[in-house]
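Undergrad: coords please:
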Amino acid sequence: MGPRVLVVDDDPTVSDVVRRYLLQDGCDVELAADGADGLAAIATQRPDLVVLDLMMPGIDGLEVCRRIRRQLPDLPVIMLTALGEEADRVLGLEVGADDYVTKPFSPRELVLRIRSVLRRSAGNTPDPAGAVKLVDAELAVDIARRVAQLNGAPLALTVREFELLVHLMRHPGRAWSRTELLEKVWGWQFGDQSTVTVHVRRLREKIEQNPAEPRRIRTIWGVGYRYDPLDEEAPR
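TA: Prediction:
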């Protein structure tokens, strides 16, 4: 049995095309025609990943994603958005989508995105540094178990947030451009750099004492972002 993918979309044509491509790729696919049916399907049998249309009647994709994140913060979600609607894409990322694909889209591209997110959520990405655990003061990350804790309390991180945090912690003091982070964390050769901006903002809200004045994930103007470990700060 392959990975279980739930496709939530009110357009039967889109759902059928996505279903056929995913079946060919070895996935077990379930369809839901609206947000309410999608939430019911998740509650009945948790899938490995959700493909979620943004615009649906009744409970739209944003609200479905919000509810998923409250209950299942580590369940991967890929949002389907309208072409050119940058504001909608940013909203989808802000409520917790791990990735997005714009309509009209290549079904094969969607399958590749799904495979990429599933690999990362399963922890099947190479670890060139060989580290199993990363620790910075009260922040601890267990890469093998995919668990992050702050002051001993677990952090509710999405797949991409976890991968972004691990990548930055593995390379302290190194400034990364948004383009580089898209390639290293998302595996994209090109893409919307606001994806990185939104994920950094969400990650800061979870690991920084004051997200408005971050001490760990610093903005390097004209470049991108740099991770500065707190346990390397000079004594005050």
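Undergrad: list the contacts for the most centrally placed residue in the chain?
TA: Centroid check for the chain by CA atoms, centre = their mean gives Asp98 as the closest residue, at 2.4 Å. Going by CB atoms under 8 Å, 6 or more residues apart in numbering, Asp98 touches 76-78, 117, 158-160. Every residue, glycine included, has its C-beta placed from N, CA and C.
Undergrad: please redo it, this time with the cut-off set to 10 Å
TA: Counting by CB atoms under 10 Å, 6 or more residues apart in numbering, Asp98 makes contact with 49-50, 65, 74-79, 92, 113, 116-117, 120-121, 158-163, 186, 195, 199.
Undergrad: Of those residues, keep whichever come out buried.
TA: Buried by 16 or more other CB atoms under 10 Å: 49-50, 65, 75-79, 92, 113, 116-117, 120-121, 158-163, 186, 195, 199, out of these.
Undergrad: Quick check: closest non-adjacent residue to Leu150.
TA: Closest residue to Leu150 apart from its sequence neighbours, by CB to CB, 6 or more residues apart in numbering: Leu139 at 5.4 Å.
Undergrad: I meant Pro12, not that one.
TA: Leaving aside its sequence neighbours, Pro12 sits nearest to Ala33 (CB to CB, 6+ apart; 7.5 Å).
Undergrad: And stretch 72-80, how far out from the chain middle?
TA: 7 Å (CA atoms, centre = their mean, to the nearest Å).
Undergrad: pretty sure the residue nearest to Pro12 contacts Asp10?
TA: Yes - applying CB atoms under 10 Å, one finds Ala33 in contact with Asp10, separated by 5.7 Å.
Undergrad: between the two, what contacts are shared?
TA: With CB under 10 Å, 6+ apart, Ala33 and Asp10 have common neighbours 56-58.
Undergrad: mean confidence score for whatever helix or strand Leu31 lives in?
TA: Using DSSP states H and E, the element containing Leu31 is strand 28-32. Here strand 28-32 scores 96 as its mean pLDDT.
Undergrad: can you check stretch 56-71 too?
TA: Averaged across stretch 56-71, the pLDDT comes to 92.
Undergrad: May I see the buried residues of that stretch?
TA: In stretch 56-71, counting by 16+ other CB under 10 Å, buried: 56, 59-62, 64-65, 67-69.
Undergrad: List the buried residues of the helix or strand encompassing Ala43.
TA: Per DSSP H and E: Ala43 is located in helix 35-44. Residues 35, 37-39, 41-42 are the ones in helix 35-44 that count as buried (16+ other CB under 10 Å).
Undergrad: Name the next helix or strand downstream of that helix, please.
TA: Note on helix 35-44: by DSSP H and E, the next helix or strand toward the C-terminus is strand 49-53.
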